[in-house]
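Visitor: Provide a 3D model corresponding to the input given below.
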Amino acid sequence: MNFKIDTKEKMHVITVEEPELAANMTVELEKKLSSYLSEPVKNLVINLEKVKRIDENIAGALVTIQQSFYDNSHSLVFCKLQPEVESYLESIELLEVMNVTRTESEAWDIVQMEEIEREYL
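Guide: Model (predicted):
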């Protein structure tokens, strides 16, 4: 699976460079994303702009991974979903539980707001 990783001060932006996220990619994706929980910079923005199709298994894994980030007081935000991916996630009732933004800039804003919230709580 191909990724482009851009490290910022408080987050990593991971751009998935695949047109399809298939079920057989689930384990690799889980390992890749979960590995950031042990990094000094733990917040992730996942840019899915190049993904045109997503399998239900990997979509479920993304929700589980997102929850593990929040359980560990870190953020994981998805951005730039293609309309067909967004529609599919909505049809399998996962979109509403995912932290999704239209733009990468909005995703950065959410990560920064959640960082501030965690500091005050």
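Visitor: which residues of the chain fall in helices?
Guide: For the chain, applying DSSP state H gives helices covering 26-34, 56-71, 83-91, 104-120.
Visitor: Please name the residues that touch the closest residue to residue 17 other than its chain neighbours.
Guide: In space, and not counting its chain neighbours, residue 17 is closest to residue 2: 3.8 Å by C-beta to C-beta, 6 or more residues apart in numbering. C-beta: built from backbone N, CA, C; applies to glycine. Neighbouring residues of residue 2 by C-beta atoms under 8 Å, 6 or more residues apart in numbering: 16, 17, 18.
Visitor: Count the neighbours of the first one for me.
Guide: The tally of other residues near residue 16 (other C-beta atoms under 10 Å) stands at 22.
Visitor: From residue 48, how far off is it?
Guide: 6 Å (C-beta to C-beta, to the nearest Å).
Visitor: So what angle separates the directions of the helix or strand of the chain with the lowest mean pLDDT and helix 56-71?
Guide: When the helices and strands of the chain are compared on mean pLDDT, DSSP states H and E, helix 26-34 comes out lowest with a mean of 91. Using axes from the mean of the first three to the mean of the last three C-alpha atoms, to 10 degrees, the direction of helix 26-34 lies 20 degrees away from that of helix 56-71.
Visitor: quick one: contacts of helix 26-34?
Guide: Contacts for helix 26-34 (C-beta under 8 Å, 6+ apart): 1, 3, 14, 21, 44, 46, 55, 57-58, 61-62, 65, 68, 76.
Visitor: Just send the residues you listed back as CSV, with distance to residue 35 too.
Guide: What follows is those, written out as CSV (distance: C-beta to C-beta, whole Å):
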residue, distance to residue 35
1, 13
3, 12
14, 11
21, 18
44, 10
46, 14
55, 21
57, 20
58, 17
61, 14
62, 15
65, 11
68, 12
76, 13
